[in-house]
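A.B. asks: mind folding the following:
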Amino acid sequence: MPFNLESFAGNPKEELSTLRYATKQDLCDLAEKCNIVVDPAYVKARLLSNFLDYLINQEIIADDEVQALRIAAGVLPPVPVDTEVEKIRLQLQLERVKKETTERELYLEEKEREAREKEREAREKEREAREKEREAREKEREAREKEREAREKEREAREKEREAREKEREAREKEREAREKEREAREKEREAREKEREAREKEKKETIERELYLEEKRAEAREKEREAEIRHQKKLQELSLSNRKEATLPATFEVLKASKLVPDFDERDPEVFCQNFEQIAETLKWPVEFWSLLIRNKVKGKAAFVASQLVSENDYTVLKKTLLDAYSITIKGYRQILEILLKLSIQLL
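C.D. replies: Residues are numbered from 1 along each chain as shown. Prediction:
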């Protein structure tokens, strides 16, 4: 029965018979666990004798209970009688026990070695069997692959032969078609040059007409803008005279000075212009009744034309809505034109 340090420490009296199988290191660990001072250089028999004396002194076991263990472990007990016969008997008994213990340990070691060797051989044979099985499957797969490749090559050979005959027929057909295409190509080339010449002339004519049309439209737009500006200025003058007749401006608000602080009007984004104007007017606390008058002095282009149509309207909210509505219609119109041009370009492609 093998020695176990934890089991022996828990029940030394029951596990006493296993102490004979303890190694020198086991006895040193056991002595350290029981706080017994020993020299690691002691031989195993002396370590065992010291530990047995400790068990007897602690009254854990009786002296007669360890007598057989001393003999089995090679530790001579105290000789009760000083006789040579008893000494020889005990010596012979000790040597016999030592021999039996040594033979048993050698036997166990040999059995353990044989078991490990058999286990290693079994694993090796199992590995070789798996390797042979894998090689057999690999050879079978290679054989099937070669057979498939052979059939594939035979099929390819027949296919190539058929393709060669087909290519020969196609070559004669292509040669005939090539002569026909060459004749058609010369004809198409002549037609292409003629069409290209006509296209260049047509494009040049359309470019000139388009430039003339755009220039005419730009001239008309400039003329309309100039006329709208003139009408706007006239109505502003009339409005200014009318306002001077109807009411007197408060002494604390100077319209001329305030008009210099109004931001410039940008036709590309009239909404931002209105937001900036309202922020300045609210910050400087300008009277709301003068807001429409201040805006009329700054707008231009299409906004000036719209403002001139509302010369009698002094409500800033109405004037602002009218201006934004006028420019929103223009933006919508531009989007419609762009969508039409995009559809035409897609159709031409």
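A.B. asks: need the helix or strand of this protein with the lowest average pLDDT.
C.D. replies: Least confident helix or strand of the chain, by mean pLDDT, DSSP states H and E, is helix 67-72 with a mean of 62.
A.B. asks: quick one: the helices in the stretch 151-300 of the chain?
C.D. replies: 255-259, 270-283, 291-296 (DSSP state H, counting those that start in this stretch).
A.B. asks: then the first one to CSV, C-alphas only?
C.D. replies: Okay, so that is helix 255-259. C-alpha atoms of helix 255-259 as CSV (Å, rounded to 0.1, in the frame of the first residue of the first chain):
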residue,chain,number,x,y,z
VAL,A,255,-33.8,106.6,-40.6
LEU,A,256,-30.8,107.7,-42.6
LYS,A,257,-28.4,106.7,-40.0
ALA,A,258,-30.2,103.3,-39.5
SER,A,259,-30.3,102.6,-43.2
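A.B. asks: just the buried positions in that helix, please.
C.D. replies: By neighbour count with 16 or more other C-beta atoms under 10 Å, helix 255-259 contains the buried residues residue 258. Just so you know, the C-beta spots here come from the backbone N, C-alpha and C atoms, and that holds for glycine as well.
A.B. asks: that one - contacts with which helices or strands?
C.D. replies: With contacts taken as 3 or more C-beta pairs under 8 Å, 6 or more residues apart in numbering; DSSP states H and E, helix 255-259 sits against helix 291-296.
A.B. asks: what about the helix it packs on, average pLDDT?
C.D. replies: In this model, helix 291-296 has a mean pLDDT of 85.
A.B. asks: what angle separates the helix or strand just after that helix from helix 270-283?
C.D. replies: The helix or strand immediately downstream of helix 291-296 is helix 302-309, counting by DSSP states H and E. Using axes from the mean of the first three to the mean of the last three C-alpha atoms, to 10 degrees, the inter-axis angle of helix 302-309 relative to helix 270-283 is 60 degrees.
A.B. asks: show me which residues of stretch 51-60 are buried.
C.D. replies: 51-52, 54-55.
A.B. asks: average pLDDT for the host helix or strand of residue 123?
C.D. replies: Per DSSP H and E, residue 123 falls inside helix 84-246. If you average the pLDDT over helix 84-246, you get 82.
A.B. asks: around residue 17, how many other residues sit close by?
C.D. replies: By other C-beta atoms under 10 Å, 12 other residues sit near residue 17.
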